[in-house]
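**Q** with the sequence up front, the predicted model follows.
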Amino acid sequence: MVDSFALGFDFGTSGARVIAVDKSGQQVEEASIQWSSNHDAANPDAWRAAVDDLLFALPSSLRANVGQVCVGGTSATCLLVDGASGEPSRQPSPTRLYNWSLDKDGAEELGGELVGEARCLLDTACPSGHTARAGTSALAKLIG
């Protein structure tokens, strides 16, 4: 019986990484890329290219036996995807990095009225003091 592996992808501020672990949880391979002109963290096509580059940096025997995949990101880093097409959204900004803020960046991209509506949704949907109310939360990035 062939062992299967789990891959963990991490998209962060400085680059992207993948780690492969075996069934016992031991790391068996890893690869990373740094964001650069070829891999720009603000460009959704670079995220797709990073996944391809990271996968092909792993041995083919490992890639052929992947049983699980997990993707994480730095503190609410998000790539907005169009639900109908499955493609990265192009409007207004598909990548919302860890430091994108509804209150600052949303005001510049969307205007004050839409930010006010988004802020009202956050305040209504989230309990007082909850981290999802923060302008940098994943929920704020989604509705902003």
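**A** Looks like it came in fine. Numbers count the residues shown, from 1 in each chain.

**Q** what distance separates the start and the end of stretch 9-29?
**A** 12 Å (C-alpha to C-alpha, to the nearest Å).

**Q** number of nearby residues for the residue nearest to Val18 when sequence neighbours are not counted?
**A** Distances taken as C-beta to C-beta, 6 or more residues apart in numbering place Leu54 nearest to Val18, at 4.2 Å, with adjacent residues excluded. Glycine gets a C-beta too; all of them are placed from N, C-alpha and C. Taking other C-beta atoms under 10 Å as the criterion, the count of residues near Leu54 is 21.

**Q** for the nearest residue to Leu114 once chain neighbours are set aside, phi and psi?
**A** Of all residues not flanking Leu114 in the chain, Gly106 sits nearest, at 7.5 Å (C-beta to C-beta, 6+ apart). Main-chain torsions, Gly106, degrees, to the nearest 10: phi -60, psi -40.

**Q** measure Gly106 to Leu58 for me?
**A** From Gly106 across to Leu58, the span is 38 Å (C-beta to C-beta, to the nearest Å).

**Q** just to revisit the earlier point, report the separation between the residue nearest to Leu114 and Tyr98.
**A** 15 Å.

**Q** who has more neighbours, the two?
**A** Gly106 (25 against 15).

**Q** ok, the residue nearest to Leu114 - contacts?
**A** 100, 114-115, 118, 135, 140, 144 (C-beta atoms under 8 Å, 6 or more residues apart in numbering).
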